[in-house]
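> Here is my input, please return the structure:
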Amino acid sequence: MTEQHWQPGDRLMHSLRPEWGTGLVLSATSIRQDGKDAQRLSIRFDRAGTKNISTAVATLVAPGTVPIGDSRSSAEPDAPAAPDRAELARALREIPDAASDPFRPLVARLEATAALYRFEPSGKLLLDWAAAQTGLTDPLSVFSRSDLEEAFARFRTLLDEHLRGLVRLARREEPAALSGLGTRVTPEVREMLTRMLTER
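Okay, the predicted model is just below:
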(Lines give C-alpha, C1' and ligand atoms only; values in the text may rest on other atoms or scores of the structure.)
Protein backbone atom coordinates (compact mmCIF):
# COMPACT_ATOMS: atom_id res chain seq x y z
CA MET A 1 0.00 0.00 0.00
CA THR A 2 3.02 2.24 0.20
CA GLU A 3 4.71 3.84 -2.80
CA GLN A 4 8.10 3.94 -1.09
CA HIS A 5 10.78 1.63 -2.46
CA TRP A 6 12.54 -0.07 0.45
CA GLN A 7 16.14 -1.32 0.35
CA PRO A 8 18.04 -3.75 2.60
CA GLY A 9 19.32 -1.79 5.58
CA ASP A 10 16.34 0.61 5.68
CA ARG A 11 14.59 1.04 9.01
CA LEU A 12 10.79 1.15 9.09
CA MET A 13 7.70 0.48 11.15
CA HIS A 14 4.44 -1.33 10.39
CA SER A 15 1.83 1.38 10.92
CA LEU A 16 -0.85 -1.05 12.12
CA ARG A 17 1.52 -2.96 14.41
CA PRO A 18 3.63 -0.32 16.18
CA GLU A 19 4.06 -2.78 19.06
CA TRP A 20 6.46 -4.72 16.80
CA GLY A 21 8.93 -1.84 17.13
CA THR A 22 11.39 -0.68 14.51
CA GLY A 23 12.20 -3.11 11.73
CA LEU A 24 15.37 -3.55 9.71
CA VAL A 25 14.86 -4.56 6.07
CA LEU A 26 16.92 -7.70 5.48
CA SER A 27 15.91 -8.30 1.86
CA ALA A 28 13.63 -6.72 -0.73
CA THR A 29 12.23 -8.37 -3.85
CA SER A 30 10.10 -6.66 -6.49
CA ILE A 31 6.81 -8.48 -7.12
CA ARG A 32 3.52 -7.93 -8.89
CA GLN A 33 0.51 -8.49 -6.63
CA ASP A 34 -3.13 -7.89 -7.47
CA GLY A 35 -2.05 -6.15 -10.69
CA LYS A 36 0.18 -3.67 -8.87
CA ASP A 37 3.93 -3.34 -8.46
CA ALA A 38 4.95 -4.07 -4.88
CA GLN A 39 7.78 -5.50 -2.81
CA ARG A 40 8.13 -8.60 -0.68
CA LEU A 41 10.27 -7.65 2.29
CA SER A 42 11.97 -9.72 4.92
CA ILE A 43 12.10 -7.49 8.01
CA ARG A 44 13.57 -8.11 11.45
CA PHE A 45 11.48 -6.22 14.02
CA ASP A 46 12.82 -5.35 17.47
CA ARG A 47 9.89 -6.95 19.29
CA ALA A 48 8.40 -9.42 16.81
CA GLY A 49 11.35 -11.11 15.14
CA THR A 50 11.58 -11.63 11.39
CA LYS A 51 8.45 -11.21 9.26
CA ASN A 52 7.90 -11.52 5.50
CA ILE A 53 5.60 -8.71 4.39
CA SER A 54 4.17 -7.53 1.07
CA THR A 55 3.93 -3.79 0.55
CA ALA A 56 0.76 -4.46 -1.44
CA VAL A 57 -1.10 -5.14 1.81
CA ALA A 58 0.96 -3.54 4.59
CA THR A 59 1.44 0.14 5.33
CA LEU A 60 5.09 0.62 6.19
CA VAL A 61 6.43 3.97 7.34
CA ALA A 62 9.70 5.57 8.36
CA PRO A 63 10.31 5.31 12.14
CA GLY A 64 9.93 9.04 12.78
CA THR A 65 6.30 8.99 11.63
CA VAL A 66 4.99 6.65 14.33
CA PRO A 67 4.26 7.68 17.97
CA ILE A 68 6.54 9.16 20.49
CA GLY A 69 9.37 6.86 21.50
CA ASP A 70 12.09 5.49 19.30
CA SER A 71 13.11 1.90 19.79
CA ARG A 72 16.66 2.44 18.56
CA SER A 73 19.28 1.89 21.20
CA SER A 74 21.14 4.92 22.50
CA ALA A 75 24.35 3.40 21.15
CA GLU A 76 23.06 3.82 17.58
CA PRO A 77 24.45 6.87 15.76
CA ASP A 78 22.11 9.86 15.63
CA ALA A 79 19.66 8.26 18.06
CA PRO A 80 17.38 10.95 19.51
CA ALA A 81 17.36 11.64 23.22
CA ALA A 82 15.03 9.31 25.08
CA PRO A 83 11.68 10.89 26.00
CA ASP A 84 11.24 11.55 29.69
CA ARG A 85 9.05 9.36 31.87
CA ALA A 86 6.27 11.97 32.16
CA GLU A 87 6.04 12.26 28.36
CA LEU A 88 5.89 8.47 28.03
CA ALA A 89 3.24 8.27 30.76
CA ARG A 90 1.15 10.81 28.82
CA ALA A 91 1.51 8.66 25.71
CA LEU A 92 0.04 5.71 27.62
CA ARG A 93 -3.15 7.72 28.16
CA GLU A 94 -3.65 8.86 24.55
CA ILE A 95 -5.88 7.39 21.87
CA PRO A 96 -3.58 6.95 18.82
CA ASP A 97 -4.00 9.29 15.85
CA ALA A 98 -5.19 6.48 13.58
CA ALA A 99 -8.28 6.18 15.81
CA SER A 100 -8.81 9.84 16.69
CA ASP A 101 -7.66 12.07 13.82
CA PRO A 102 -10.83 13.94 12.70
CA PHE A 103 -9.40 14.28 9.17
CA ARG A 104 -9.46 10.50 8.67
CA PRO A 105 -12.66 8.93 7.33
CA LEU A 106 -15.06 7.90 10.08
CA VAL A 107 -15.01 4.25 9.02
CA ALA A 108 -11.18 4.23 9.24
CA ARG A 109 -11.33 5.71 12.76
CA LEU A 110 -13.91 3.11 13.80
CA GLU A 111 -11.76 0.27 12.44
CA ALA A 112 -8.60 1.61 14.11
CA THR A 113 -10.47 2.02 17.41
CA ALA A 114 -11.87 -1.53 17.22
CA ALA A 115 -8.36 -2.84 16.52
CA LEU A 116 -7.13 -1.39 19.84
CA TYR A 117 -9.27 -3.94 21.67
CA ARG A 118 -6.73 -6.62 20.65
CA PHE A 119 -4.66 -5.63 23.69
CA GLU A 120 -5.24 -7.14 27.14
CA PRO A 121 -4.40 -5.92 30.67
CA SER A 122 -1.79 -8.63 31.37
CA GLY A 123 1.03 -10.66 29.90
CA LYS A 124 2.56 -10.09 26.48
CA LEU A 125 -0.46 -8.17 25.18
CA LEU A 126 -0.04 -5.58 27.96
CA LEU A 127 3.62 -5.11 26.97
CA ASP A 128 2.65 -4.94 23.29
CA TRP A 129 0.13 -2.21 24.12
CA ALA A 130 2.71 -0.21 26.08
CA ALA A 131 5.25 -0.59 23.25
CA ALA A 132 2.67 0.54 20.67
CA GLN A 133 1.71 3.57 22.77
CA THR A 134 5.24 4.71 23.64
CA GLY A 135 7.51 3.31 20.94
CA LEU A 136 9.69 1.69 23.61
CA THR A 137 11.22 -1.66 22.78
CA ASP A 138 11.06 -2.65 26.45
CA PRO A 139 8.38 -0.73 28.37
CA LEU A 140 9.50 -2.44 31.59
CA SER A 141 12.76 -0.47 31.35
CA VAL A 142 10.76 2.64 32.30
CA PHE A 143 7.57 1.41 33.97
CA SER A 144 6.75 -1.33 36.46
CA ARG A 145 4.17 -3.94 35.52
CA SER A 146 1.84 -2.37 38.10
CA ASP A 147 2.27 1.06 36.44
CA LEU A 148 1.34 -0.46 33.07
CA GLU A 149 -1.68 -2.31 34.47
CA GLU A 150 -3.01 0.92 36.04
CA ALA A 151 -2.34 2.91 32.88
CA PHE A 152 -4.06 0.25 30.77
CA ALA A 153 -7.18 0.39 32.97
CA ARG A 154 -7.37 4.18 32.44
CA PHE A 155 -6.69 3.79 28.71
CA ARG A 156 -9.41 1.16 28.37
CA THR A 157 -11.95 3.51 29.98
CA LEU A 158 -10.92 6.26 27.55
CA LEU A 159 -11.10 3.81 24.65
CA ASP A 160 -14.64 2.75 25.58
CA GLU A 161 -15.70 6.43 25.78
CA HIS A 162 -13.98 7.16 22.46
CA LEU A 163 -15.73 4.24 20.72
CA ARG A 164 -19.08 5.33 22.18
CA GLY A 165 -18.52 8.84 20.78
CA LEU A 166 -17.65 7.48 17.32
CA VAL A 167 -20.75 5.28 17.33
CA ARG A 168 -22.95 8.29 18.23
CA LEU A 169 -21.32 10.33 15.48
CA ALA A 170 -21.81 7.54 12.95
CA ARG A 171 -25.47 7.10 13.90
CA ARG A 172 -26.08 10.83 13.35
CA GLU A 173 -23.93 11.56 10.32
CA GLU A 174 -22.78 8.39 8.60
CA PRO A 175 -24.78 5.24 9.41
CA ALA A 176 -23.09 3.39 6.53
CA ALA A 177 -19.81 3.52 8.49
CA LEU A 178 -21.31 1.08 10.99
CA SER A 179 -22.69 -1.40 8.49
CA GLY A 180 -20.33 -4.28 7.95
CA LEU A 181 -18.05 -3.19 10.79
CA GLY A 182 -19.54 -5.89 13.02
CA THR A 183 -18.21 -8.64 10.74
CA ARG A 184 -14.63 -7.32 10.92
CA VAL A 185 -14.29 -7.08 14.71
CA THR A 186 -13.93 -9.50 17.60
CA PRO A 187 -17.06 -10.88 19.29
CA GLU A 188 -16.31 -8.69 22.34
CA VAL A 189 -16.27 -5.51 20.23
CA ARG A 190 -19.33 -6.66 18.26
CA GLU A 191 -21.22 -7.04 21.56
CA MET A 192 -20.09 -3.58 22.70
CA LEU A 193 -21.19 -2.05 19.39
CA THR A 194 -24.60 -3.72 19.69
CA ARG A 195 -25.01 -2.33 23.21
CA MET A 196 -23.88 1.15 22.15
CA LEU A 197 -26.25 1.18 19.17
CA THR A 198 -29.22 0.52 21.46
CA GLU A 199 -28.26 3.24 23.98
CA ARG A 200 -30.27 6.43 23.99
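> can you list the domains in this protein?
Taking automatic domain parsing as the domain assignment, the ranges for the chain are 11-65, 85-198.
> What is the helix or strand bottoming out on mean pLDDT in the chain packed up against?
Within the chain, confidence by mean pLDDT, DSSP states H and E is lowest for helix 187-198 among all helices and strands, at a mean of 81. Contacts defined by 3 or more Cβ pairs under 8 Å, 6 or more residues apart in numbering; DSSP states H and E place helix 187-198 against helix 145-173. Placement of C-beta: from N, CA and C, glycine included.
> In the helix it packs on, which residues are buried?
By 16 or more other Cβ atoms under 10 Å, the buried positions in helix 145-173 come out as Asp147, Leu148, Ala151, Phe152, Phe155, Arg156, Leu159, His162, Leu163, Leu166, Val167, Ala170.
> do the same with stretch 22-32
Residues of stretch 22-32 classed as buried by neighbour count (16+ other Cβ under 10 Å): Thr22, Gly23, Val25, Ala28.
> which ones among those residues are found in helices?
Per DSSP state H, helices hold no members of the buried residues of stretch 22-32.
> closest to Thr137 among these?
Comparing the buried residues of stretch 22-32 against Thr137 with Cβ to Cβ picks out Thr22 as the nearest, at 7.9 Å.
> how long is stretch 10-21 from one end to the other?
By Cα to Cα, to the nearest Å, the extent of stretch 10-21 from end to end equals 14 Å.
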